[in-house]
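>>> Whatever this is, show me its structure:
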Amino acid sequence: MSRRKAREIAFKVIFQFDQVQAEPRKAFDNLIESEKLAQRDQSFSWELVEGVLQKMPVIDSKIASYSRDWAVDRMASVDRNIMRLAGYEIMYTDHSEPVVAIDEAIEIAKRYGDEGSASFVNAILDKLLGDKA
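Model prediction:
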């Protein structure tokens, strides 16, 4: 559960950066103040934020290649940023199981997205995972 919370915080930071160009470290620190999260999970969460921000153009390109009907910048911001987060884990980390990253992304989409978000996120991330295999 703490890893889910770490991912959720990372998603919120990336979302804020995407929507209002919030300074990522400041947004992260503000969220950590209000959320109880173990130090190791804080480190994991910040690693996700930094990784997504560094690799965003490559991740967005991959997402776009699997979404024929939607340009990344035209997708719902919630969906786009959830996929960026899970996409980073699938493409660039070894410490997470890709299926877990997808499951967590679906749960975050159910919580923050609209009724179609979870299935849209799942479809794109499944294609991304299949491409990695």
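>>> just how off-centre is the lowest-mean-pLDDT helix or strand in the chain within its chain?
The weakest-scoring helix or strand in the chain, judged by mean pLDDT, DSSP states H and E, is helix 117-132 (a mean of 91). Chain-centre distance of helix 117-132: 12 Å, with CA atoms, centre = their mean, to the nearest Å.
>>> Kindly provide the distance from Asp114 to Ser77.
11 Å (CB to CB, to the nearest Å). To be clear about C-beta, it is placed using only N, CA and C from the backbone, and glycine gets the same treatment.
>>> Over to Ala118?
16 Å.
>>> Tell me which of those two has more neighbours.
Legend: neighbour count by other CB atoms under 10 Å for Ala118 and Ser77, higher for Ala118 (19 against 14).
>>> doesn't Tyr112 make contact with that one?
No. With contact defined as CB atoms under 8 Å, Ala118 does not count as touching Tyr112 (10.2 Å).
>>> So which elements touch the least confident helix or strand of the chain?
Secondary-structure packing of helix 117-132 (3 or more CB pairs under 8 Å, 6 or more residues apart in numbering; DSSP states H and E): helix 39-66, helix 77-92, helix 98-112.
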